[in-house]
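S.K.: requesting a structural model of the entry that follows:
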Amino acid sequence: IKCLIRIANEDGDYLQDSWVNVLECISQLAKMQLLGVGQKDSEDFSSPNNKRIRNNNNNNNNNNNNNNNDGGNRSRNSGGNGGNRSKKISESETRKGRNSSVSSINYEDINATSIIEQIDNNEIDKIFYGTINLNSNAIVEFVKCLCKTSEKEVEGDEPRIFSLKKLIEVAYFNMERIRFVWSRIWNIMANHFLQIGCHPNYKIA
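M.R.: Just a heads-up that it's a prediction; the model follows:
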């Protein structure tokens, strides 16, 4: 990762459409860094429809659990030892599932903490500020790739706007470029901003 960041800072003029890979990596790094300090993204951009779906699923799961409990009670009353064995198996499977979930969360926290300790956030910020030094064609390619990364973020299961914020920063840093280059940059950005502004999730729009 450090090597990738160094290449982005030193040889950005030659990356062309490979900027997509670099920017997607940076997007994931930013997410991991937030996890490492015990934070989530600053706002919840989940679609209200998705929230309702999740709530309905949770309610259905609760109803199913209640039905299973009722069925288990009837089984215990009618089956005796058979019901007890089923209960023990069910409890064992539940514990295994919980342990697996906790283990997964711990590994994610450990990885996030490791990233914070080894990756200098200033080097990541330098990639975006350093766009002022990219040549005319390279900055256009960079903006194209940043827009693609931003689009993937907002269309994900857990929408994020990290790259969208960075796109605004890049626009500010490069406003003093000659008009011909700036117009090429702005045409790409404007289309992306229009797409985001028409997003069905009003929190993102």
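
S.K.: mind listing what's buried along stretch 24-37?
M.R.: 24-27, 29-36 (16 or more other CB atoms under 10 Å). Any C-beta I mention is one placed from the backbone N, CA and C, and that applies to glycine too.

S.K.: from those, pick the one nearest residue 175.
M.R.: For the buried residues of stretch 24-37, the minimum distance to residue 175 (CB to CB) is 22.2 Å, reached by residue 26.

S.K.: what's the closest non-adjacent residue to the closest one?
M.R.: Nearest non-adjacent residue to residue 26, counting by CB to CB, 6 or more residues apart in numbering: residue 124, 5.8 Å away.

S.K.: next, give phi and psi for the one you found.
M.R.: phi -70, psi -40 (degrees, to the nearest 10).

S.K.: quick one: what helix or strand has the closest residue to residue 16 other than its chain neighbours in it?
M.R.: Of all residues not flanking residue 16 in the chain, residue 141 sits nearest, at 5.1 Å (CB to CB, 6+ apart). Element membership for residue 141, per DSSP states H and E: helix 136-154.

S.K.: tell me the angle the helix or strand just after that helix makes with helix 136-154.
M.R.: Of the helices and strands lying after helix 136-154 in sequence (DSSP H and E), the nearest is helix 162-173. Between helix 162-173 and helix 136-154, the angle comes out at 150 degrees (axes from the mean of the first three to the mean of the last three CA atoms, to 10 degrees).

S.K.: mean confidence for helix 162-173?
M.R.: Averaging pLDDT along helix 162-173 gives 95.

S.K.: CA-only coordinates of the very next helix or strand once past it in PDB, if you can.
M.R.: Where DSSP H and E defines the elements, the next helix or strand beyond helix 162-173 is helix 179-197. Taking Å, rounded to 0.1, in the frame of the first residue of the first chain, the C-alpha atoms of helix 179-197 are listed here in PDB:
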ATOM      1  CA  ARG A 179      -9.500  27.800 -19.200                       C
ATOM      2  CA  PHE A 180      -9.100  25.000 -21.800                       C
ATOM      3  CA  VAL A 181      -8.000  22.500 -19.200                       C
ATOM      4  CA  TRP A 182     -10.400  23.600 -16.600                       C
ATOM      5  CA  SER A 183     -13.400  23.300 -19.000                       C
ATOM      6  CA  ARG A 184     -12.400  19.700 -19.700                       C
ATOM      7  CA  ILE A 185     -12.200  19.000 -16.000                       C
ATOM      8  CA  TRP A 186     -15.500  20.800 -15.200                       C
ATOM      9  CA  ASN A 187     -17.400  19.000 -17.900                       C
ATOM     10  CA  ILE A 188     -16.600  15.700 -16.200                       C
ATOM     11  CA  MET A 189     -17.400  17.000 -12.800                       C
ATOM     12  CA  ALA A 190     -20.600  18.700 -13.800                       C
ATOM     13  CA  ASN A 191     -22.000  15.400 -15.200                       C
ATOM     14  CA  HIS A 192     -21.100  13.600 -12.000                       C
ATOM     15  CA  PHE A 193     -22.600  16.300  -9.800                       C
ATOM     16  CA  LEU A 194     -25.800  16.200 -11.900                       C
ATOM     17  CA  GLN A 195     -26.000  12.400 -11.500                       C
ATOM     18  CA  ILE A 196     -25.500  12.700  -7.700                       C
ATOM     19  CA  GLY A 197     -28.000  15.500  -7.400                       C
END
